[in-house]
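> this one's structure only:
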DNA sequence: GATGAAACGCAACCGAC
DNA sequence: GTCGGTTGCGTTTCATC
């Protein structure tokens, strides 16, 4: 088991650029960080291999696809033992769920999801919450505006 | 002003594939949706131009970069008139904030963010919340586990 | 070990059909 | 939507430090 070297400032600058736009040509990136295209390419491959870059994804506009309603749902359950958590994690990881966090506080889970209309959500709530005997209660927060929706990790490149 | 044609099942299948992995070669995508590479290429360009694809981003692992703590914060403010909202939206859209939603319910905003340690968050909370006279209260939910963290829009391709 | 310059081969792109 | 030609890209090589 070999350990990955810690990313230097070049790597951090690349990560910062790529999480804004991973379709930039190597030439462009090379110019920004003042390295050759070959070096940039090697570093990106290494960052992928070592897990710093988890995926390369297209960000799709939900509204364009009719998913005009965004909801946040706080869920409180009865039991959170291992077997229960396995079931809950699976139940809350379906494709209709954008994000799922287990949290501290009154609620045990925080979900974020988008739906085309409320009747879709009603059916989903029936299946995920009402039909699950382990769910004690859930509170639905309707999103009025998606002010910022990224997964960007703040990276201090030293040169802003 | 010309209107974009509604995406057909081919486009939906492409969007679904691309939001999982946008580094797939056209050849691969063409095989999946049973089209030629040229058609796929034209469709992707069109999807970008018409805004269905908002961005192409690398997903960076926060933990690998020392951002080991994820937090959700509910924020309640006093005034939400236009001028106030402008200020709040800007305040809650900084690079340290991953996501910001304005919501219904007890709280007015829901934030999601990652930090390296709690003292960083403490400073952030001071600046964003305590120092903002418009913030009535905020409730911090500590994330125990990031069970699912995507921006994927659920797409019914008809062929799962 | 990592780098940069230049060669290679393949994929994306853009017309014509 | 399909077919080729061309461009431009990512990739590999290799000499260098």
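Received, thanks. Just so it is clear, the structure is predicted and the values come from calculations on it, not from any experiment.

> Any part of the longest strand along chain A near chain B?
What stands out as the longest strand in chain A, according to DSSP state E, is strand A:135-149. Yes. Using C-beta under 8 Å from any C-beta of the partner chain, we find that strand A:135-149 touches chain B at A:139, A:141, A:142, A:143, A:144, A:145, A:146, A:147, A:148, A:149. All C-beta spots, glycine's among them, are computed from the backbone N, C-alpha and C.

> Report the buried residues of stretch A:79-93.
By neighbour count on 16 or more other C-beta atoms under 10 Å in any protein chain shown, the buried set for stretch A:79-93 is A:85, A:88, A:91, A:92.

> Touching, the last one and residue B:148? I think so.
Meaning residue A:92. Yes. If you go by C-beta atoms under 8 Å, residue A:92 and residue B:148 touch, sitting 7.3 Å apart.

> Overlap of the contact sets of the two?
The contact sets of residue A:92 and residue B:148 overlap at residue A:100 (C-beta atoms under 8 Å, 6 or more residues apart in numbering or on different chains).

> next helix or strand past the top helix by length along chain A?
In chain A, taking DSSP state H as the definition, the longest helix is helix A:37-49. The helix or strand immediately downstream of helix A:37-49 is strand A:53-60, counting by DSSP states H and E.

> can you list the residues that contact that following strand?
For strand A:53-60, using C-beta under 8 Å, 6+ apart, the contacting residues are A:15, A:18, A:22, A:44, A:47, B:15, B:18-23, B:52-61, B:150-153, B:155.

> switch to 7 Å and redo it
For strand A:53-60, contacts defined as C-beta atoms under 7 Å, 6 or more residues apart in numbering or on different chains pick out A:18, A:22, A:47, B:15, B:18-23, B:52-61, B:151, B:153.

> buried sites along that strand?
Buried, per 16+ other C-beta under 10 Å, within strand A:53-60: A:53, A:55, A:56, A:57, A:58, A:59, A:60.

> DNA strand C next: which of the residues you listed are close?
With the criterion set as C-beta under 7 Å from any atom of the strand, no member of these is near DNA strand C.

> now these in JSON lines, with pLDDT and distance to residue B:35?
Below are the buried residues of strand A:53-60 laid out as JSON lines (pLDDT from 0 to 100; distance: C-beta to C-beta, whole Å):
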{"residue": "A:53", "pLDDT": "97", "distance to residue B:35": "28"}
{"residue": "A:55", "pLDDT": "97", "distance to residue B:35": "24"}
{"residue": "A:56", "pLDDT": "97", "distance to residue B:35": "22"}
{"residue": "A:57", "pLDDT": "97", "distance to residue B:35": "21"}
{"residue": "A:58", "pLDDT": "98", "distance to residue B:35": "17"}
{"residue": "A:59", "pLDDT": "98", "distance to residue B:35": "23"}
{"residue": "A:60", "pLDDT": "98", "distance to residue B:35": "19"}
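
> Could you single out the nearest of those to residue A:78?
Set against residue A:78, the nearest of the buried residues of strand A:53-60 by C-beta to C-beta is residue A:55 (34.2 Å).

> Quickly list what that closest one is bridged to.
residue B:59 (DSSP bridges).

> Give the buried residues for stretch A:67-74.
Those would be A:67, A:69, A:70, A:71, A:72, A:73, A:74, for stretch A:67-74 by 16+ other C-beta under 10 Å.

> Inside strands: which ones of those?
A:69, A:70, A:71, A:72, A:73, A:74.

> dump the residue contacts of the last one.
This points to residue A:74. A:107, A:110, A:138, A:139.

> quick one: it from residue A:26, how far?
44 Å (C-beta to C-beta, to the nearest Å).

> Kindly report the same for the fifth one.
Relative to residue A:26, residue A:73 is positioned 42 Å away (C-beta to C-beta).

> got it, and residue A:156?
Residue A:156 is 24 Å from residue A:26, where distance means C-beta to C-beta.

> Just want to know which of these two has more residues nearby.
residue A:26 (15 against 11; other C-beta atoms under 10 Å in any protein chain shown).
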